[in-house]
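Colleague: sequence and predicted model, in that order:
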Amino acid sequence: MTESPTQPEPHGTAPLPPARRTTKVAVVGAGAVGATMAYATLMRGAARTVALYDVNAAKVRAEALDLGHGIQFMPMAEVIGSDDIAVCADADVVVVTAGAKQKPGQTRIDLAENTISLVRTMLPALVEVAPHAIFVMVTNPVDIVTYAAGKISGLPPEQLFGSGTVLDSSRLRYLVAHHTGVAVQNVHAYIAGEHGDTEFPLWTSATIGGVPLLEWRGSRSAGPLTAEVRDTMTREVIDSAYRIIEGKGATNYAIALAGSRIIEAVLKDERRVLPVSSLLDGYHGISDICLSVPTVVGRRGAERRLEVPMSDDELVSLRRSAEALQAVARRFGL
């Protein structure tokens, strides 16, 4: 008589549980941003496997080895590095940090052209090995590169988006917190538009501990957030990257932390509101360009763009950003 499948295994041993699928993040580019992104992802315990891919075999293997030697002091994970794109296979999230290096005298437009050319060569192969991944573009200029990547890959805007102004918004919150003497975690304010010179703060919807920012009355140690104070903060946010690059050559720590936060929002299906850059379709009348607006980010990627209320001046600034980027896109025939 055939044994019932519900009977215990011989010697009282229970059957092995089915293998659990673990999370995998692939970071494309092992330069300052990519290596720090991998480090931040590991330190936050965001993924069980972190794969580094770079065409420089010696560099990428050395970075993976260096990171691997520190696993004892992090949440348990595996680090792999290779110059073979297959290392990215079956990733849940692919973060693209690789891009053309800016040369002396080279304009941002020239940089965009070279980076788009690189993305055009690399992205189809990445989609082939990780077709179900959420793709996060971090390479600058991120809005145009994200727009081009969407055209090149054919992926829906939910599945492919850019890091946008997540870092810029963090910079703004840092400045507001420092001025008001309130913990930065209690400041809710977003930078929208282009990740660049035409970006702008959404002061109308900003709050501090539930108090509308525009109604903040200040304290003994700090005055109110006047228009002059807000303008100074805006300029500092826009100029901060230039100052950091001038002093140390590149920004890497804060953007890596911002990127790892996006990764967590996806892998943990947090549905967190983040100002990522994605393809807009009728957003306040704007379509067919990638810009940063508050967006619900979860396991399906950039799931929903929130039409936050904007003042007339903020709407003008949003359209100015869109027009500036659309002009660049037309120049590249996108």
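Modeller: Perfect, I can see it now.
Colleague: centre of the chain to stretch 68-85, how far?
Modeller: 21 Å (CA atoms, centre = their mean, to the nearest Å).
Colleague: ok, residues contacting it?
Modeller: For stretch 68-85, the surrounding residues in contact (CB atoms under 8 Å, 6 or more residues apart in numbering) are 30, 38, 42-45, 47-57, 60-65, 67, 87, 122, 125-126, 129. (Glycine included, C-beta is placed from N, CA and C.)
Colleague: need the contact list for the residue nearest the centre of the chain.
Modeller: Nearest to the mean C-alpha position of the chain, by CA atoms, centre = their mean, lies Ser163 at 2.7 Å. Taking CB under 8 Å, 6+ apart as the criterion, Ser163 is in contact with 136-138, 142, 195, 255, 258-259, 262, 276-277.
Colleague: go again using 10 Å as the cut-off
Modeller: Neighbouring residues of Ser163 by CB atoms under 10 Å, 6 or more residues apart in numbering: 37, 95-97, 136-140, 142, 146, 195, 255, 258-259, 261-262, 274-277, 292.
Colleague: residues in contact with the residue lying closest to it once chain neighbours are set aside?
Modeller: Excluding its sequence neighbours, the residue lying closest to Ser163 (CB to CB, 6 or more residues apart in numbering) is Val138, at 4.7 Å. Residues near Val138 by CB under 10 Å, 6+ apart: 27-29, 33-34, 37, 95-99, 145-146, 162-164, 166-167, 255-256, 258-259, 262.
Colleague: next step: the residues you listed restricted to strands.
Modeller: Counting by DSSP state E, the contacts of Val138 place 27-28, 95-96, 162 in strands.
Colleague: low-confidence bits of the stretch 101-250 of the chain, can you list those?
Modeller: Low-confidence segments of the stretch 101-250 of the chain (pLDDT under 70): 101-109, 220-221.
Colleague: same thing but at 80, please
Modeller: Applying pLDDT under 80 to the stretch 101-250 of the chain flags the ranges 101-111, 218-222, 249.
Colleague: which parts of it are strands?
Modeller: Ranges of strands in the stretch 101-250 of the chain, per DSSP state E, counting those that start in this stretch, are 134-137, 160-162, 187-188, 191-192, 200-201, 207-208, 211-212.
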